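Chemist: What would the 3D arrangement of this be:
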Amino acid sequence: MTRCPSPVASIVRAAAATAFALASALAFPAPFPMAPAIPALAPAPGSGGTVPEATAPVELSIRFFDKRIYYPEGEIPLKVTLSNNGSDTYRFKLADDRMFSLGFDARTPTNRQVEPSDGYRLAMADSKPVFYREVSLKSGEEYSFIERLERYVHLPDAGSYAVKAVFYPELASGSVPPVVSNVLMLSVRPSPGLPPALDLIQKETGEILKAQMLPPDEVVRRTLVARQKGLWNEFFLYLDTEALLTSIEDRKIPYDRESDEGRRRMLERFRADLQTNMVDTDLVVQPFFFDITETRYTPSRGFVRVVEKFRDQQLVRVKEYTYELQKREDIWRIVAYTVLNKGTE
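Modeler: All right, here's what the predicted structure looks like:
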């Protein structure tokens, strides 16, 4: 005999189904709102599965630290902010190396995920202990810091990218759900001032010119040798012409106001003016002798001191140059210089 359910039992079952649906919605919230092409949050490094987003009343936001034109080989600093919008104190761990607390996901318009940087891969694969500190945010407080996107993802090509950050309150290997940021639309432009194809050929060997991973003193040595031999394409190989052009305020202001195409033309004109001794004559003057006397550098910044000699009719003028270099994408480039006259011989 079939037994008909009582009205009370039906009400109980309906209430149980509603409670289960509500609990499921809380445990597995909808994907973070973003462009349709970008999927839901990727799992934490080494977690082996999809990680639900945190439901704590804390907000993670990212924005450009100093909005400017970004290039594939350049730095992309972002300001990362954690805001406690709840009524209770929010506590989290922050690693000394923030790679263990933070991650970035960058996607192309075709939904292709950008590969992580080599540095990020190595950090996640390393088994060394992670040092961190405890941070507490009271209601209404914020915590901000600056991170460079290129430390986390490899952006070798120009194009548009949708970027979001993921913050792990208990470090990347922890079990606490991460906090996901807003989506930031990033436009990476082609590198300005690229030399013509013929300038990419080394005249002495016929090989294609390509900047190499050399120490700062060797970069300066090769640049000076190229100038001695009149090889302009090799001379410009390790010069950051944009940094040199904008190092003087009278040049920087009009450069910043230009469009992308206008900046490209300014850089091309600057290179041409260097070759004709119209600007920065101390940089392009041809030494017949040089001696590197000191090299100092950190992982990202270097200084090379050089004594150079120049012929001036019957005199030999002696000058001491200090070249400043910066390291980007494992390549050292000359970004500035100073000159000290040391007399004549």
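Chemist: contacts and neighbour counts: CA atoms only from here.
Modeler: Will do.
Chemist: for the stretch 1-150 of the chain, what spans make up the strands?
Modeler: 58-64, 77-84, 90-95, 102-107, 132-137, 142-148 (DSSP state E, counting those that start in this stretch).
Chemist: Give me the contacts around the fourth one.
Modeler: With contact meaning C-alpha atoms under 8 Å, 6 or more residues apart in numbering, strand 102-107 is reached by 38, 113-114, 149, 152-153, 161-168, 171-172.
Chemist: Find the pair from those with maximum spatial separation.
Modeler: The span of those, defined through C-alpha to C-alpha, is set by Y161 and L171 at 25.7 Å.
Chemist: which parts of stretch 287-300 are buried?
Modeler: Within stretch 287-300, the residues that count as buried by 16 or more other C-alpha atoms under 10 Å are P287, F290, I292, Y297.
Chemist: From the recorded domain assignment, give the ranges for the protein.
Modeler: Domains of the chain are assigned by automatic domain parsing as 33-188, 197-344.
Chemist: so which strand or helix has V339?
Modeler: For V339, the host element (DSSP states H and E) is strand 331-344.
Chemist: what residues does that strand touch?
Modeler: 211-216, 219-220, 238-241, 243-244, 247, 282-283, 315-327.
Chemist: quick one: the residue nearest to I146 when sequence neighbours are not counted and P254, what's the gap?
Modeler: Among residues not flanking I146 along the chain, K79 sits closest, at 4.6 Å (C-alpha to C-alpha, 6 or more residues apart in numbering). Counting by C-alpha to C-alpha, to the nearest Å, the separation of K79 from P254 is 27 Å.
Chemist: try S247
Modeler: 12 Å.
Chemist: got the contact list for the closest residue to P156 other than its chain neighbours?
Modeler: Nearest residue to P156, sequence neighbours excluded (C-alpha to C-alpha, 6+ apart): P72, at 5.3 Å. Shown in contact with P72 (C-alpha under 8 Å, 6+ apart): L155, P156, D157, A158, V188, R189, P190, S191.
Chemist: Nearest residue to the middle of the protein?
Modeler: E150 (3.1 Å; C-alpha atoms, centre = their mean).
Chemist: which stretches of the stretch 151-300 of the chain have low pLDDT?
Modeler: The stretch 151-300 of the chain contains residues with pLDDT under 70 at 191-208.
Chemist: repeat that for 50
Modeler: Within the stretch 151-300 of the chain, the set of residues satisfying pLDDT under 50 comprises 193-199.
Chemist: Start from the N-terminal end of it and give the strands.
Modeler: Ranges of strands within the stretch 151-300 of the chain are 159-167, 179-180, 184-188, 289-297, based on DSSP E, counting those that start in this stretch.
Chemist: picking up where we left off before, I'd guessed the residue nearest to the centre of the chain sits against S117; true?
Modeler: Yes. E150 is in contact with S117 according to C-alpha atoms under 8 Å; the separation is 7.1 Å.
Chemist: any residues in contact with both of the two?
Modeler: Contact criterion C-alpha under 8 Å, 6+ apart; residues shared by E150 and S117: none found.
Chemist: Tell me the buried residues within the contacts of strand 331-344.
Modeler: Buried members of those, scored by 16+ other C-alpha under 10 Å, are 216, 219-220, 238-241, 244, 283, 317-327.
Chemist: quick revisit: right, and the pair among the contacts of P72 with maximum separation?
Modeler: Most distant of the contacts of P72, by C-alpha to C-alpha, are L155 and S191, 12.3 Å apart.
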